[in-house]
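Asker: This is the structure alone, sequence omitted:
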Ligand SMILES: Cc1ncc(C[n+]2csc(CCOP(=O)(O)OP(=O)(O)O)c2C)c(N)n1
Ligand code: SF4
Ligand SMILES: [Mg+2]
């Protein structure tokens, strides 16, 4: 596993942790796999945001992508679950302790094929977590079958020709009611990091659809999920900069046609320097339209595609208090003797 | 408590001379069409008898349909305290024209039939007594436009007629309705108006030409009445449940309905609305169990409730829960399978499936409640066991126990505090270190930490993949072997922790009976009868799996042990035979599955037949007959009135029917 950024030895962040404290075990994925670079960005982001390892939960399904939580945040709790079923596992775990933050990693097979149902339903429920789909258009771990995000008409050595239209992770997310939908490219490390920081500040489920090439099975230049294609065709909707809540944001007088500033759930800010002048990430229909257009023209648009911070999270709509369910003591969860006696009387 | 009576035996002469009155010892069957609101009427009768101090049990035999198909409600009154279903009912309320021919056929000689006098003709038998009630007259008098309400009123008419014929005091019916309508006086009054009118009409126009009467007793003083699913939910609440996820399926839905009810009352701050729990309706059972496993991993007390088809969808996650060692509580309210089967009928068909659920070498802990009291007790104990053993725990109830109304002594408050098992705090980790899957105590149960634990060494990566003591991925053969051996050791520890069998071994017992769950009332009654017939039996009621030494010792003490259960293949018999191969030849399977709750009569006849047959069989080839469905007498076997009726269109099955008393009418009448 190679780091994209290696801080000088001895450097620590505001809570006294070095970047290495956010690492996991050495990766066993292929050299050059897009998933490795995403894992490295997570390490970097956690370090930069002064994340306490104990407040972060890692979750994943099954696949090469889903293995990667072993390779970051080694001091954080994690659960590597079942193929396509990470969303339900995450929902339960994050209801069990809703004060934790979470980074969940899934693949395109995991989320768009076997797990499409759970993917959509967790978004409806708006469980607070960062949901990363490491999208390579193929099943890596089972060696090269088409996933549901593969390009229509694409040809692969093992799998032959894909006859079916692709599922678009971002469109599905928006349709399901997700309030933070972003697309990025693992080759664009800086954008991945800024989006990830913004996603961690979101109060509900934040979907990051990150094109993450599989160098073993789907990296031919013609594939929209390849490095070459990504490098050549990435169209950022905006330049994105994250400003943590503890820093003061400089909102210099700006031309709303050029810069847009979004305040996040936790008081931090996202600055979007517009590249596509009339793109408005808070316009749901506009976002859907732009995604559709991109799909038809095989454009890799990246950035914060859609944002709406207004929906309550599942923990909020369930009216959970400050103490997580897993820390409530007996006096709060087992009603007293009088309660039972009263109920018994009522049934006589 | 027995008088040695079994159904049919005490039938007096049909003239019903006063000297031969049959008091508090008969069954009523109410035949109606589904969705007409008859549940309120039936429950009112049931509860009125209960409040008279008479032991009763009610069973709803309902179709998989929302409206229109036949439904039968059985009420058994038993001065001897028997609550099993009876093979025949002496009193028929024939309010469904579609089934009246069969319903009348099923009456025993001397029985009575209360029917809608507006029907043009009904089958005539000269050995039963008929009471025609002019239902339409009452309905017209009520002057209602809506058909639903007219059906509903019609059902209150038979309540009044029965009250007169059996001598049920009207104030007891009033009391029962007050209970059912949660004290809404005006609704009760409007219902009682119909009941009273029908009562008065009956008094003026019908003669009590039959021997059946009720009379006050004091056998139910201090007892409660509710359904098993409600008791299960209450048990969970007193077990400190904090999370539930579920997907609706008959007959389990009312577990969660009741849970929501109780949690709303007891675990939500009335001022702020803040909750100390969450109940999530998932998109399917796969997701429901995924949430439960996630929450259990986080340290919540998490449960789900489902039935057979849902268990099928839960297989992969249960295997993960077993292997990653995550506590979870899964209530399986069993119904008849395979596949959608008979979704509104009862069975004990998921024993083997749940015991081994999960691919690879999986074995699960199972609790087997047989009564309301055990639904409540196991409701909280299941969490203690799941947390202690760090594994999914199944509780296998069934439709009969879960959805029908039973009597019980009031539940006792849990004697011990919650058992959260081996959970390390941050301080514990600092003191002693942490390796998630290390067997420090030799009982196969390792220590765990919960997400949120602040110690830097507390975190671990839970996974379904091979791992070593420290929860690190491993494909080493000895890591795999050692871990699986530890899980087997843990299962042996479970043998000592789960509730043991309840054994009754009277002096002079010649044969043994093993049973579990809701066959209990039928077995209790059958044993009394067999004893009266001169065959004394021992009884071991299993309350959990895995089995322990007591089970082995009981079988070893008997040459011949019958394993009685409600499934086709004798699943518990299979399981015991495989766990105790050296004792397997002593076990004889008596298995029955027709969708109906077991009767004492079937048990008596099945055991008697095998016992009489035994010497001959021994000299032949020594192979026992499996199952005994054919032993039941008369053409209809152990079935109920309406046996030959079409039971609904498979395309309609399980479209949300839950057999529950959600009376739309109630609100409209207020
Ligand atoms: C129930 C189930 N079915 C099939 C598999 C086999 N399987 C493992 S990973 C995988 C595909 C993973 O693809 P994706 O989610 O795109 O991850 P990638 O390896 O491409 O990162 C499959 C089919 C499994 N583990 N579980
Ligand atoms: S097979 Fe593909 S997805 Fe899997 S590790 Fe290798 S490059 Fe990555
Ligand atoms: Mg993939």
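Answerer: That came in fine, so what should we check first? Nothing here was measured: the structure is a model prediction, and the numbers come from that model. Ligands and ions are numbered 1, 2, ... in the order given.

Asker: Which secondary structure elements does the helix or strand of chain A with the lowest mean pLDDT sit against?
Answerer: Lowest mean confidence among the helices and strands of chain A (mean pLDDT, DSSP states H and E): strand A:259-263, at a mean of 89. Counting by 3 or more C-beta pairs under 8 Å, 6 or more residues apart in numbering or on different chains; DSSP states H and E, the packing neighbours recorded for strand A:259-263 are strand A:269-274. To be clear about C-beta, it is placed using only N, CA and C from the backbone, and glycine gets the same treatment.

Asker: Does anything pack onto the strand it packs on? Which helices or strands?
Answerer: For strand A:269-274, the packing partners by 3+ C-beta pairs under 8 Å, 6+ apart are strand A:238-243, strand A:259-263, strand A:300-307.

Asker: Residue B:70: what's it in contact with?
Answerer: Contacts for residue B:70 (C-beta atoms under 8 Å, 6 or more residues apart in numbering or on different chains) come out as B:31-34, B:63, B:96, B:98-99, B:642, B:645.

Asker: Near residue B:485, how many residues? Count them for me, please.
Answerer: Residue B:485: 12 surrounding residues under other C-beta atoms under 10 Å in any protein chain shown.

Asker: Using the three-state scheme, assign it.
Answerer: Assigned by DSSP: H, G, I helix; E, B strand; the rest coil, the conformation of residue B:485 is helix.

Asker: any idea how far it is from residue B:545?
Answerer: Separation of residue B:485 from residue B:545 (C-beta to C-beta, to the nearest Å): 20 Å.

Asker: related to what we said a few turns ago, and the contacts of residue B:70, which is closest to residue A:112?
Answerer: Looking at these and their distance to residue A:112, the nearest is residue B:63, at 40.7 Å (C-beta to C-beta).

Asker: which residue packs closest to the closest one, ignoring adjacent ones?
Answerer: Spatial nearest neighbour of residue B:63, chain neighbours left out: residue B:69 (3.7 Å); criterion: C-beta to C-beta, 6 or more residues apart in numbering or on different chains.

Asker: Relative to ligand 1, how far out is the one you found?
Answerer: To ligand 1, residue B:69 is 38 Å away according to C-beta to the nearest ligand atom, to the nearest Å.

Asker: That residue contacts residue B:32, correct?
Answerer: No - applying C-beta atoms under 8 Å, one finds residue B:69 not in contact with residue B:32, separated by 10.4 Å.

Asker: who touches residue B:565 in this structure?
Answerer: By C-beta under 8 Å, 6+ apart, the neighbours of residue B:565 are B:348, B:351, B:515-516, B:519, B:571-573, B:589-592.

Asker: got JSON lines for the residues you listed, with secondary structure too?
Answerer: Formatted as JSON lines, those follow (three-state DSSP):
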{"residue": "B:348", "secondary structure": "coil"}
{"residue": "B:351", "secondary structure": "helix"}
{"residue": "B:515", "secondary structure": "strand"}
{"residue": "B:516", "secondary structure": "strand"}
{"residue": "B:519", "secondary structure": "helix"}
{"residue": "B:571", "secondary structure": "helix"}
{"residue": "B:572", "secondary structure": "helix"}
{"residue": "B:573", "secondary structure": "helix"}
{"residue": "B:589", "secondary structure": "strand"}
{"residue": "B:590", "secondary structure": "strand"}
{"residue": "B:591", "secondary structure": "strand"}
{"residue": "B:592", "secondary structure": "coil"}
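
Asker: tell me the secondary structure for residue B:113?
Answerer: Applying three-state DSSP: residue B:113 is strand.

Asker: residues contacting it?
Answerer: B:92, B:94, B:103-104, B:107, B:122, B:128-131.

Asker: Nearest to ligand 2 among those?
Answerer: The closest of the contacts of residue B:113 to ligand 2 turns out to be residue B:103 (C-beta to the nearest ligand atom; 66.3 Å).

Asker: Stretch A:129-148: end-to-end distance?
Answerer: Using C-alpha to C-alpha, to the nearest Å, one end of stretch A:129-148 lies 23 Å from the other.

Asker: Look up which helix or strand residue A:291 falls in, please.
Answerer: Using DSSP states H and E, residue A:291 sits within helix A:284-296.

Asker: which other helices and strands contact that helix?
Answerer: Against helix A:284-296 (3+ C-beta pairs under 8 Å, 6+ apart) you get helix A:169-175, strand A:300-307.

Asker: Could I get the average pLDDT for the first one?
Answerer: Taken as a whole, helix A:169-175 has a mean pLDDT of 98.

Asker: mind checking how far the helix or strand where residue B:141 lies is from the chain centre?
Answerer: In this structure, residue B:141 is located in helix B:135-142 according to DSSP H and E. Using C-alpha atoms, centre = their mean, to the nearest Å, the distance from the centre of helix B:135-142 to the centre of the chain it belongs to is 37 Å.

Asker: List the buried residues for the very next helix or strand once past that helix?
Answerer: Next along the chain after helix B:135-142, taking DSSP H and E as the criterion, comes helix B:147-166. Across helix B:147-166, burial judged by 16 or more other C-beta atoms under 10 Å in any protein chain shown covers B:148-166.

Asker: before we move on, back to that, mind picking the one among the contacts of residue B:70 that's closest to ligand 1?
Answerer: The closest of the contacts of residue B:70, once distances to ligand 1 are taken by C-beta to the nearest ligand atom, is residue B:63, at 36.0 Å.

Asker: Report how many residues lie close to that closest one.
Answerer: Close neighbours of residue B:63, defined as other C-beta under 10 Å, add up to 28.

Asker: Now do the SS call for it.
Answerer: coil.

Asker: same check, this time on residue A:83
Answerer: Assignment for residue A:83 (three-state DSSP): coil.

Asker: any idea how far it is from residue A:191?
Answerer: Counting by C-beta to C-beta - residue A:83 and residue A:191 are separated by 29 Å.

Asker: So which of the two has more stuff around it?
Answerer: Higher neighbour count among residue A:83 and residue A:191: residue A:191, with 24 against 20, using other C-beta under 10 Å.

Asker: Next, format the contacts of residue B:565 as CSV and append distance to ligand 1 and pLDDT.
Answerer: Converted to CSV, these look like this (distance: C-beta to the nearest ligand atom, whole Å; pLDDT from 0 to 100):
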residue, distance to ligand 1, pLDDT
B:348, 29, 98
B:351, 25, 98
B:515, 37, 98
B:516, 33, 98
B:519, 37, 98
B:571, 27, 98
B:572, 31, 98
B:573, 33, 98
B:589, 35, 98
B:590, 39, 98
B:591, 34, 98
B:592, 37, 96
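
Asker: Backbone dihedrals for residue A:64, please?
Answerer: Dihedral angles phi and psi of residue A:64 (degrees, to the nearest 10) take the values phi -60, psi -50.

Asker: Nearest residue to it in space, ignoring adjacent ones along the chain?
Answerer: Distance criterion C-beta to C-beta, 6+ apart; nearest residue to residue A:64, sequence neighbours excluded, is residue A:140 at 3.9 Å.

Asker: Could you report the pLDDT at that neighbour?
Answerer: On the pLDDT scale, residue A:140 is placed at 97.

Asker: before we move on, what about residue B:141?
Answerer: Here the pLDDT value assigned to residue B:141 is 86.

Asker: For it, give its distance to residue A:171.
Answerer: Using C-beta to C-beta, one gets 62 Å for the distance from residue B:141 to residue A:171.

Asker: returning to that earlier point: could you check the pLDDT of the residue nearest to residue B:63?
Answerer: With respect to pLDDT, residue B:69 has a value of 91.

Asker: again, but for residue B:627
Answerer: pLDDT, read off for residue B:627, is 33.

Asker: Not counting sequence-adjacent ones, nearest residue to the residue of chain B found nearest ligand 3?
Answerer: Of all residues in chain B, residue B:465 sits closest to ligand 3, at 18.2 Å by C-beta to the ion. Of all residues not flanking residue B:465 in the chain, residue B:473 sits nearest, at 5.7 Å (C-beta to C-beta, 6+ apart).

Asker: Name the residues of the stretch 301-450 of chain B found near chain A, please.
Answerer: Counting by C-beta under 8 Å from any C-beta of the partner chain, the residues of the stretch 301-450 of chain B close to chain A are B:301-302, B:316-317, B:320, B:324, B:410-411, B:413-414, B:417-418, B:449-450.
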